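Participant: Could you look at this predicted model? Sequence included:
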Amino acid sequence: MVGDAHRVFLPDLGPRRAGAKRFRGLRLIHTSLRPSGLTEDDLTDLVLLQLDAVITIFAQPDGLPGAVQYAHLMPPDGTDKPWRVEDVPSVHAWDDDWLEFIDDLEAQFAKSGKLRKVEGRPGAILVGITLGQPKEARRSLQELERLSDTAGLEVLDVTLQNRDQLDGRTCIGKGKLQELIVRSMHLGADVLVFDRELSPSQLRNIAEVTDLKVLDRTQLILDIFAQHAKSKEGKLQVELAQLRYAMPRLAIMTTAMSRLTGGIGGRGPGETKLEINRRRAGERVTRLERELDRLGKNRALRRGKRTRAGIPVVSIVGYTNAGKSTLLNKITNSEVLVEDKLFATLDPTSRRLRFPEEREIIVTDTVGFIHELPDTLVRAFKATLEELEEADLLVHVLDAADPWVERHLAAVNAILKDLSLEDRPLLLVWNKADAADPQRLRDLQHHSGGIAVSALEGLGLDTLLLKMEQLLFRAARAEAHPSDAPGVTGL
């Protein structure tokens with residue numbers, strides 16, 4: 001290869017050598033008339049092409065070769081950069097056994113703990129972009145890390161970029177994107193996950209530049225829903241949400257489409273539908289809406305029967321993983337699936353609860369909410385969320401031990417307001433009280449009211465049930481017979 005005074009243009013070097021973590025078997029050697037040494041382009045080529053080394057030989061004043069500077073890749077354990085740069089005083093005194101050195105380096109890569117990924121779990125780099133709110137962005141990235149783990153990704157690295165404004169093409173800009181390419185090669189990452197919803201063109205541009213699978217926050221949540229949907233209605237709702245998300249993106253996804261579908265971010269009942277054309281996708285959406293409407297009418301009939309029977313309904317709402325299913329199990333002696341994962345409960349579950357005086361209520365566990373819940377999910381789960389409209393009481397469960405519980409409270413309240421449920425009778429329940437800081441718990445109760453419980457340990461549940469009975473039955477009796485009813489204190 002012959003270049004000019006500025007750079008050498010590398011042709012297609014062909015496929016890499018077979019075998020895990022082996023280098024290409026090629027070294028890039030060039031001369032330099034300047035003392036500046038290896039450039040950023042040299043080091044980027046080293047990583048992206050997985051070369052054995054890049055080497056600069058400096059020309060002496062008489063034109064003969066003199067000092068040498070070279071760089072080679074490094075295993076990711078404990079290193080900030082994926083390469084190491086070395087200097088040799090003279091090319092004539094450089095007598096290292098290079099093949100022995102490369103064999104040893106490849107062996108280090110093969111033993112690297114960070115490159116031995118969990119079987120079946122693709123490696124991912126999480127990417128956050130903030131416009132001047134780094135604390136909030138870091139918290140959101142922590143949540144994204146939990147979402148990624150729930151979806152089946154192995155998080156290898158997390159990066160946050162502070163920008164004045166978003167880049168219209170790639171969100172993060174060319175320099176940061178190049179850095180992500182290098183980092184993904186260094187760690188063996190297969191997926192980039194962005195902590196915001198990307199536009200169709202941004203998804204395409206990032207996928208084409210990086211040659212990696214690119215997911216955004218919405219795709220990740222849709223994938224988790226696809227994994228956890230068990231009922232027919234739940235599966236139809238997930239497929240509808242997937243199609244509504246994918247339809248604006250179908251027209252522009254060319255070669256990048258294969259990196260954006262299938263596996264994490266593209267599985268579930270709608271997986272085989274993601275590459276159909278826009279017209280057929282629209283027809284499928286219409287059929288799904290019609291079927292969900294039919295199921296919604298059946299659900300409305302069941303709600304009507306409960307209403308005519310005079311059985312009050314309590315709906316448990318709250319942020320995902322706040323302990324809603326655990327609370328349902330404890331107060332109704334049920335065995336609803338409980339997992340320490342986000343969105344472990346997707347399909348609503350109803351159980352009967354009997355109070356003294358032979359009075360019964362229906363307690364329903366609903367899907368958990370999350371900050372910036374995708375609109376496609378809210379629209380798809382409209383029939384399920386209609387259960388909340390028929391509730392006589394909403395029990396809002398919060399994780400009192402979570403340092404960001406106030407943020408969760410605000411996020412759920414915002415979603416309830418969007419659903420026009422802000423005026424519904426509501427009881428705050430501060431769950432996981434046994435794990436929370438006592439003073440902070442008292443401050444939360446003083447500021448917002450509510451009852452402190454531990455659903456796991458069974459603490460405070462008698463007080464909770466008594467308060468539920470007061471709000472459901474004594475308030476109703478007070479309305480029917482104002483002069484006979486005792487005073488009921490609301491929260």
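Facilitator: That came in fine, so what should we check first? Residues are numbered from 1 along each chain as shown.

Participant: Now the element after the host helix or strand of residue 221, going C-ward?
Facilitator: In the assignment (DSSP states H and E), residue 221 maps to helix 217-228. Using DSSP H and E, the helix or strand that follows helix 217-228 in sequence is helix 232-250.

Participant: Return the set of buried residues in that following helix.
Facilitator: By 16 or more other C-beta atoms under 10 Å, the buried positions in helix 232-250 come out as 233-247, 249-250. Yep, even glycine has a C-beta here, placed from its N, CA and C like the rest.

Participant: Beyond the one helix or strand residue 397 maps to, next helix or strand please.
Facilitator: Element membership for residue 397, per DSSP H and E: strand 393-399. With elements assigned by DSSP H and E, the helix or strand that comes after strand 393-399 is helix 405-418.

Participant: what packs against the helix or strand just after that following helix?
Facilitator: Next along the chain after helix 405-418, taking DSSP H and E as the criterion, comes strand 426-431. Contacts defined by 3 or more C-beta pairs under 8 Å, 6 or more residues apart in numbering; DSSP states H and E place strand 426-431 against helix 324-332, strand 393-399, helix 438-448, strand 451-452, helix 461-469.

Participant: Could you export those as a markdown table, including distance to residue 144 and mean neighbour count?
Facilitator: Converted to a markdown table, the helices and strands packed on strand 426-431 look like this (distance: least, C-beta to C-beta, whole Å; neighbours: other C-beta atoms under 10 Å):
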| stretch | distance to residue 144 | mean neighbour count |
| --- | --- | --- |
| helix 324-332 | 21 | 22 |
| strand 393-399 | 18 | 23 |
| helix 438-448 | 25 | 13 |
| strand 451-452 | 29 | 21 |
| helix 461-469 | 32 | 16 |
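
Participant: Columns mean pLDDT and distance to residue 199 on top of the ones you listed, output as JSON lines?
Facilitator: Below are the helices and strands packed on strand 426-431 laid out as JSON lines (pLDDT from 0 to 100; distance: least, C-beta to C-beta, whole Å):
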{"stretch": "helix 324-332", "mean pLDDT": "88", "distance to residue 199": "34"}
{"stretch": "strand 393-399", "mean pLDDT": "93", "distance to residue 199": "33"}
{"stretch": "helix 438-448", "mean pLDDT": "93", "distance to residue 199": "37"}
{"stretch": "strand 451-452", "mean pLDDT": "94", "distance to residue 199": "44"}
{"stretch": "helix 461-469", "mean pLDDT": "91", "distance to residue 199": "45"}
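
Participant: To residue 64, which of those lies closest?
Facilitator: strand 393-399 (70.6 Å; C-beta to C-beta).

Participant: Need the three-state assignment for the most far-flung residue of the chain relative to its centre.
Facilitator: Computed with C-alpha atoms, centre = their mean, the residue of the chain farthest from its C-alpha average is residue 62, at 59.5 Å. The three-state assignment at residue 62 reads coil, by DSSP: H, G, I helix; E, B strand; the rest coil.

Participant: Format the helices and strands packed on strand 426-431 as CSV; extra columns: distance to residue 183.
Facilitator: Formatted as CSV, those follow (distance: least, C-beta to C-beta, whole Å):
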stretch, distance to residue 183
helix 324-332, 37
strand 393-399, 33
helix 438-448, 37
strand 451-452, 44
helix 461-469, 48
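
Participant: So which of those is nearest residue 128?
Facilitator: For residue 128, the closest of those is strand 393-399, at 22.4 Å, according to C-beta to C-beta.

Participant: just checking, what packs against the closest one?
Facilitator: The elements that strand 393-399 packs onto, with contact taken as 3+ C-beta pairs under 8 Å, 6+ apart, are strand 313-318, helix 324-332, helix 405-418, strand 426-431.

Participant: Each with direction, which strands does that strand pair with?
Facilitator: Here strand 393-399 is paired, per DSSP bridges, with strand 313-318 (parallel), strand 426-431 (parallel).

Participant: thinking again about what came up before, residues in contact with the residue farthest from the centre of the chain?
Facilitator: Residues near residue 62 by C-beta atoms under 8 Å, 6 or more residues apart in numbering: none.

Participant: quick one, phi/psi of it?
Facilitator: phi -90, psi 0 (degrees, to the nearest 10).

Participant: which helix in the chain runs the most residues?
Facilitator: Criterion DSSP state H: the longest helix present in the chain is helix 278-308.

Participant: Next, the buried residues of it.
Facilitator: By neighbour count, with 16+ other C-beta under 10 Å as the criterion, the buried positions of helix 278-308 are 281, 284-285, 288, 292, 295, 299, 303.

Participant: how is this structure carved up into domains?
Facilitator: The chain breaks down by automatic domain parsing into domains covering 27-115, 120-309, 311-480.

Participant: between those, which gets nearest to residue 11?
Facilitator: domain 27-115 (11.1 Å).

Participant: now that closest one, how far from the centre of its chain.
Facilitator: Distance of domain 27-115 from the chain centroid (C-alpha atoms, centre = their mean, to the nearest Å) equals 37 Å.

Participant: swap in stretch 212-219?
Facilitator: Distance, stretch centre to chain centre, for stretch 212-219: 9 Å (C-alpha atoms, centre = their mean).

Participant: Of the domains of the chain, which is nearest residue 8?
Facilitator: In terms of C-beta to C-beta, the element of the domains of the chain nearest to residue 8 is domain 27-115, at 5.8 Å.

Participant: what is the mean pLDDT for that closest one?
Facilitator: Averaging pLDDT along domain 27-115 gives 84.

Participant: got it, and stretch 418-430?
Facilitator: In this model, stretch 418-430 has an average pLDDT of 88.

Participant: Mind listing what's buried along it?
Facilitator: By neighbour count on 16+ other C-beta under 10 Å, the buried set for stretch 418-430 is 419, 421, 424, 426-430.

Participant: Which residues outside that stretch are in contact with it?
Facilitator: For stretch 418-430, contacts defined as C-beta under 8 Å, 6+ apart pick out 327, 378, 385, 388-389, 391-398, 400, 413, 416, 436, 441, 444-445, 448-453, 464, 467-468, 471, 491.

Participant: Noted, bye for now.
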